[in-house]
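**Q** this one's sequence-less:
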């Protein structure tokens, strides 16, 4: 057998694999409810966000089912996909974007060319049009973040921003988004985008950085706050 390259595994993947092995060993039989998210986090010595990503990965792979307000249950594995997700962590991606895009917004504010600022406004207008039509405003959202990066005049960073944004299309991010994205959350996000634009247009370097940081921090919080409540609903038991 040839020597295989050792690759570091993402934390959520390590958690998901451990839970999968417990399921396969019969520790959690089909139909059983897994322990609440907070209890798993304590037993595994990891954060609740990492446990959440692991549970959603197992849901995407067909091992578990999340039942609104009830819990996470082991699903029938008949016909379930067996390939493990290796996608980037959505929450880690948002934290990376916060670091990078906060500085890009600050740089954009150093040279707020009116035509470029108008391009940012057009992108957010496109978001509103998409949301109004009932679509998820991804195209306008992506355009906004790319145009902020373009104002920093660094092609490498534009590419990095695009690649990080496109991680939201991986199966783990899509499933996580299903739990928190709705018309109200997008309306709030659009308002956050406009605050970034206002700071850039005013040439407010610190304000632009802070507004972008706030927007992406709120995006992170929305991912966490809008979990269906399956785990916390069990506290009274």
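**A** On my side now, so go ahead. The structure displayed is predicted, hence computed values, not measured ones. Residues are numbered from 1 along each chain as shown.
**Q** so what's the backbone phi/psi at residue 136?
**A** Phi and psi for residue 136, reported as degrees, to the nearest 10, are phi -70, psi 120.
**Q** shouldn't it be in contact with residue 130?
**A** Yes - Residue 136 is in contact with residue 130 according to CB atoms under 8 Å; the separation is 7.1 Å. (C-beta placed from N, C-alpha, C; glycine too.)
**Q** Would you mind pulling the contact partners of the worst-scoring helix or strand of the chain on mean pLDDT?
**A** One helix or strand of the chain scores below all others by mean pLDDT, DSSP states H and E: helix 171-180, with a mean of 85. Contact with helix 171-180 is made by 12, 52-53, 56-57, 59-60, 85, 87, 89-90, 93, 167-168, 222-223, 225-228, as judged by CB atoms under 8 Å, 6 or more residues apart in numbering.
**Q** rerun at 6 Å
**A** Residues outside helix 171-180 that contact it (CB atoms under 6 Å, 6 or more residues apart in numbering) are 56, 57, 60, 85, 87, 90, 222, 223, 226.
**Q** Tally up the residues packed near the third one, please.
**A** Each residue near residue 60 was counted by other CB atoms under 10 Å, and the total is 20.
**Q** does it belong to a helix or a strand, and which?
**A** Assessed by DSSP states H and E, residue 60 sits inside helix 48-61.
**Q** Quick one: residues contacting the residue nearest the centre of the chain.
**A** Nearest to the mean C-alpha position of the chain, by CA atoms, centre = their mean, lies residue 90 at 3.7 Å. If a contact means CB under 6 Å, 6+ apart, then residue 90 has 173, 176 as its contacts.
**Q** rerun that using 7 Å as the cut-off
**A** Counting by CB atoms under 7 Å, 6 or more residues apart in numbering, residue 90 touches 53, 172, 173, 176, 223.
**Q** Farthest pair within those?
**A** 172 and 223 (11.2 Å; CB to CB).
**Q** So these two - more neighbours on which side?
**A** Taking other CB under 10 Å, residue 172 and residue 223 do not tie; residue 172 has more neighbours (28 against 22).
**Q** Nearest spatial neighbour of that one, chain-adjacent residues omitted?
**A** Nearest non-adjacent residue to residue 172, counting by CB to CB, 6 or more residues apart in numbering: residue 87, 4.5 Å away.
**Q** before we move on, what SS does that neighbour have?
**A** Under the three-state scheme (DSSP: H, G, I helix; E, B strand; the rest coil), residue 87 adopts coil.
**Q** how near is it to residue 23?
**A** According to CB to CB, to the nearest Å, residue 87 stands 20 Å off from residue 23.
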